[in-house]
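**Student:** Fold the following and give me the result.
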Amino acid sequence: MLYLRICFDADGIGDLRNELRQTHRAYLKPFAEGKESVRVVQAGPMCISDSDDTNLGSFLIVEAPSFADLQRFHDNDPFTIGGVFGEVRLLRWDRHIGN
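**Tutor:** Got it, this is the predicted structure:
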């Protein structure tokens, strides 16, 4: 099944996000390469505007066997463990258009 992970950063965590970025990317790598039962289909930071690349959160499309698998994937992300996110939405996505 497909899921969306939409995470908005907590206030004032810019430095923390930068500190954990490499660890976060290393964590995501096997999931993006299809080496795990959970697969990251698309991922990246959400930015403030077209002219401001400041990150305000993270957006992922994830394929997982179950919501519980998605939750485990999310809970073990260094950004989650480190407290980067202030608001998190994990949602099943019923894709109608696209491949």
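**Student:** hey, let's count contacts and neighbours off CA atoms from now on
**Tutor:** Fine.
**Student:** Point out where this protein drops to low pLDDT.
**Tutor:** Low-confidence segments of the chain (pLDDT under 70): none present.
**Student:** now the strands for it?
**Tutor:** 2-9, 39-47, 55-63, 85-92 (DSSP state E).
**Student:** which helices and strands sit right next to the first one?
**Tutor:** Taking 3 or more C-alpha pairs under 8 Å, 6 or more residues apart in numbering; DSSP states H and E as the contact definition, the neighbouring helices and strands of strand 2-9 are strand 55-63, strand 85-92.
**Student:** now it and strand 85-92, what's the angle there?
**Tutor:** 170 degrees (axes from the mean of the first three to the mean of the last three C-alpha atoms, to 10 degrees).
**Student:** can you give me the angle strand 2-9 makes with strand 39-47?
**Tutor:** Computed by the same axes, to 10 degrees, the angle between strand 2-9 and strand 39-47 is 30 degrees.
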